[in-house]
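**Student:** Generate a structure from the sequence data that follows.
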Amino acid sequence: MTASDGAPPEPFRVVFVCTGNICRSPMAEVVFRWFAANAGLRDRVLSTSAGTGDWHVGERADQRTLDALERRGYDGTRHRARQFTASDFASHDLVVALDRSHERILRSWARHEGDADKIALLMSFDPAAHTLDVPDPYYAGPGMFDEVLGMIESASRALFRQLEPAIRSAS
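**Tutor:** Below you'll find the model as predicted:
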């Protein structure tokens, strides 16, 4: 993260991963980016997202995701779904799974211990969480999208607070 030649340090890069990259992980991407911007670290943090599957590649986030984000003051309209690839391990400092099934898949895709060491569960950062899995709201109504967004906000806040000192010191 630090540059010894006087150049600005590379941003901290985090990718959030769910199944299709249209519900949970886009929420986490947008929320985490908001925390970084609010802390004055917009240029020091790169927040992206991806899915374990390729069903929705190129699509916008689910409209219910966009609506839930908008109700809380976030903008997810620029998001386009993509699939996680092995190169994401090399291009990101942290790979955050939204549930344990994603974590298992990511661990099976890890090429070496260094890749596996980058994988974490989002909910593991929230000491108040009652579960390690962010439920998939895809087959539910708008209320579930709001509930899932609340879980993601809480865990993302905790994750950002943990990372912020290291990101600031690298500036």
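
**Student:** Report how many residues lie close to Thr104.
**Tutor:** Not quite, residue 104 is Arg, not Thr. Using other CB atoms under 10 Å, Arg104 is surrounded by 13 other residues. Every residue, glycine included, has its C-beta placed from N, CA and C.

**Student:** mean confidence score for the strand or helix carrying Val17?
**Tutor:** Taking DSSP states H and E as the definition, one finds Val17 inside strand 12-18. For strand 12-18, mean pLDDT is 98.

**Student:** Please apply the same query to stretch 125-142.
**Tutor:** When pLDDT is averaged along stretch 125-142, the result is 96.

**Student:** who's in contact with it?
**Tutor:** 18-20, 22-24, 62, 64, 67-68, 98-101, 121-124, 144-145, 147-148, 151-152, 154-156, 158-159, 162 (CB atoms under 8 Å, 6 or more residues apart in numbering).

**Student:** Could you check the pLDDT of Gly6?
**Tutor:** With respect to pLDDT, Gly6 has a value of 65.

**Student:** same thing with Arg100?
**Tutor:** Note on Arg100: pLDDT of 98.

**Student:** tell me the angle of the helix ranked longest in the chain relative to strand 12-18?
**Tutor:** Using DSSP state H to define each element, the chain has its longest helix at helix 142-169. Note on geometry: by axes from the mean of the first three to the mean of the last three CA atoms, to 10 degrees, helix 142-169 and strand 12-18 are set 160 degrees apart in direction.
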